[in-house]
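Participant: any chance you could fold what I've pasted below:
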Amino acid sequence: MNLSKAINRWRESPTYKQQGSIHWFVWLIENPKSPVSLTGAVDLYNHDIIHLLLDRGMDVRDEAMVIGFTMGNSMKTSSWVRWLFEFVAHHLYPTGYKFDEIDLLEFERGFAYGYTRPKRNIHSASFDLDEDIKDIRKKWGIEVINIQRI
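Facilitator: Here you go, the predicted structure:
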């Protein structure tokens, strides 16, 4: 399936969050347009694409994996930024976004997997909407079997 069709299908899901419905505090930490966003921050469009590439859903555990992968894949993420995000997501994020202990483990799995991919900085990538998802995964070294839910 090409990326364009997959994105359309993804956004038709009843649990999909529109940009305007994302809590302001989460936007502040995760959106690259925010003055205090952390490294690996990605716009919602590419964030959705990363969800698709990792074959992950929309619940908090899936978000933890996707954010972890994106931050780990960024060549600028330091250990203190990783720690800061985990602290914020576990202690300061609002209900419905807050990471519990299992979510933090999933974040760590995603971080490690993103860090070890041969191609880096997926947060700043430009994707071809006509390209097949399997081909994009291959370019980025993503094997879905390695990142299924714990």
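
Participant: secondary structure class for the residue of the chain positioned farthest from its centre?
Facilitator: Distance from the centre of the chain peaks at residue 130, with 21.4 Å (Cα atoms, centre = their mean). Three-state call for residue 130 (DSSP: H, G, I helix; E, B strand; the rest coil): coil.

Participant: that one touches residue 1, doesn't it?
Facilitator: No - Residue 130 is beyond contact range of residue 1, at 11.2 Å (criterion: Cβ atoms under 8 Å). Quick note: C-beta positions are derived from backbone N, CA and C, even for glycine.

Participant: just to revisit the earlier point, quick one: the residue farthest from the centre of the chain from residue 138, how far?
Facilitator: Per Cβ to Cβ, to the nearest Å, residue 130 is found 16 Å from residue 138.

Participant: and the residue farthest from the centre of the chain, what does it touch?
Facilitator: Contacts for residue 130 were tallied using Cβ atoms under 8 Å, 6 or more residues apart in numbering; they are 2-4.

Participant: just the buried ones from those, in PyMOL syntax?
Facilitator: Restricted to buried positions by 16 or more other Cβ atoms under 10 Å, the PyMOL selection for those reads:
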select buried, resi 3
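
Participant: with distance to residue 84, secondary structure and pLDDT as new columns, can the contacts of residue 130 be given to me in TSV?
Facilitator: Compiled in TSV, the contacts of residue 130 are given as follows (distance: Cβ to Cβ, whole Å; DSSP: H, G, I helix; E, B strand; the rest coil; pLDDT from 0 to 100):
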residue	distance to residue 84	secondary structure	pLDDT
2	37	strand	95
3	32	helix	95
4	35	helix	94
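
Participant: what is the nearest of the contacts of residue 130 to residue 28?
Facilitator: Lowest distance from residue 28 to these (Cβ to Cβ) belongs to residue 3, with 28.4 Å.

Participant: the residue nearest to the closest one when sequence neighbours are not counted and residue 121, how far apart?
Facilitator: Once flanking residues are discounted, residue 3 sits nearest to residue 129: 5.0 Å by Cβ to Cβ, 6 or more residues apart in numbering. Distance check for residue 129 against residue 121: by Cβ to Cβ, it reads 20 Å.

Participant: and for residue 73?
Facilitator: Residue 73 is 7 Å from residue 121, by Cβ to Cβ.

Participant: more neighbours, those two?
Facilitator: Higher neighbour count among residue 73 and residue 121: residue 73, with 27 against 12, using other Cβ atoms under 10 Å.
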